[in-house]
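Trainee: got a sequence here, can you model it:
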Amino acid sequence: MSLFLTGFGLGIAFVASPGAVTAQVLKRGFERGFMAAFNLQLGALIGMGLWAAVAFVGTAAITGSMTIRLVLGVIGGLLLLYLAWDAFKAAFRGTPSTAQPVDSRGDFALGVALSLWNPLPVAFWLGIGNGVVPAGETDSFLIFFVGFMLSALIWSFGLAALLGWGKQFVTPRFMRILNAIGGIVLAFFGFRLLWDMLS
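Mentor: From the prediction side, this is the model:
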């Protein structure tokens, strides 16, 4: 249950943090409503899932080494702190980070492309997944992964619904609060992971 809740908390914090996907979701949601925002986020989650699979399979054979697990865990903790810092900066500005438009045939394809072309998801899964989940424990990884993806899906639906039917609530103040909360959660998990790895 602890792994599921950790994954659940990190899922919301990760997908709510400022970045290319969030910027495009807000843009398309404001312009075209619920389905445009939700389809883009579904595509991004597919890309995230692919990176998770690659990271788990690719590192399962080498993470038996405590040294490698320590390095990956520290990298993961530092990545979370970097994302937290980015979220706090966005909270101060009151807007998400800007992103360059990507040429794509549709919202779903754009979401997949943004996720696959972004190096942060693979770094996240290499560092966090292997820092939190014991090496080679497929069941534990699946519990963590399901918690992560479930919360990310809930968040994606909620944000798309808000953009589609409640645009008046998405104010700079709302974005500041949202990013501040995301930054706090990311910082908490980042420091906790570093503590677990280094203690």
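Trainee: when you work out contacts or count neighbours from here on, use the C-alpha atoms and nothing else.
Mentor: Fine.
Trainee: ok, which stretches of the protein are helices?
Mentor: Using DSSP state H, the helices of the chain run over 2-16, 20-32, 34-60, 66-93, 107-116, 119-124, 130-132, 138-165, 172-198.
Trainee: weakest of the ones you listed by average pLDDT?
Mentor: Between these, the lowest average pLDDT goes to helix 130-132, which shows a mean of 63.
Trainee: now do the same for residue 129: its pLDDT.
Mentor: 59.
Trainee: whoops, I mixed them up, residue 96
Mentor: On the pLDDT scale, residue 96 gets 48.
Trainee: returning to that earlier point: in JSON lines: the helices of the chain, plus mean neighbour count.
Mentor: Formatted as JSON lines, these follow (neighbours: other CA atoms under 10 Å):
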{"stretch": "helix 2-16", "mean neighbour count": "21"}
{"stretch": "helix 20-32", "mean neighbour count": "20"}
{"stretch": "helix 34-60", "mean neighbour count": "21"}
{"stretch": "helix 66-93", "mean neighbour count": "21"}
{"stretch": "helix 107-116", "mean neighbour count": "23"}
{"stretch": "helix 119-124", "mean neighbour count": "19"}
{"stretch": "helix 130-132", "mean neighbour count": "24"}
{"stretch": "helix 138-165", "mean neighbour count": "20"}
{"stretch": "helix 172-198", "mean neighbour count": "20"}
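Trainee: good, we can wrap up now.
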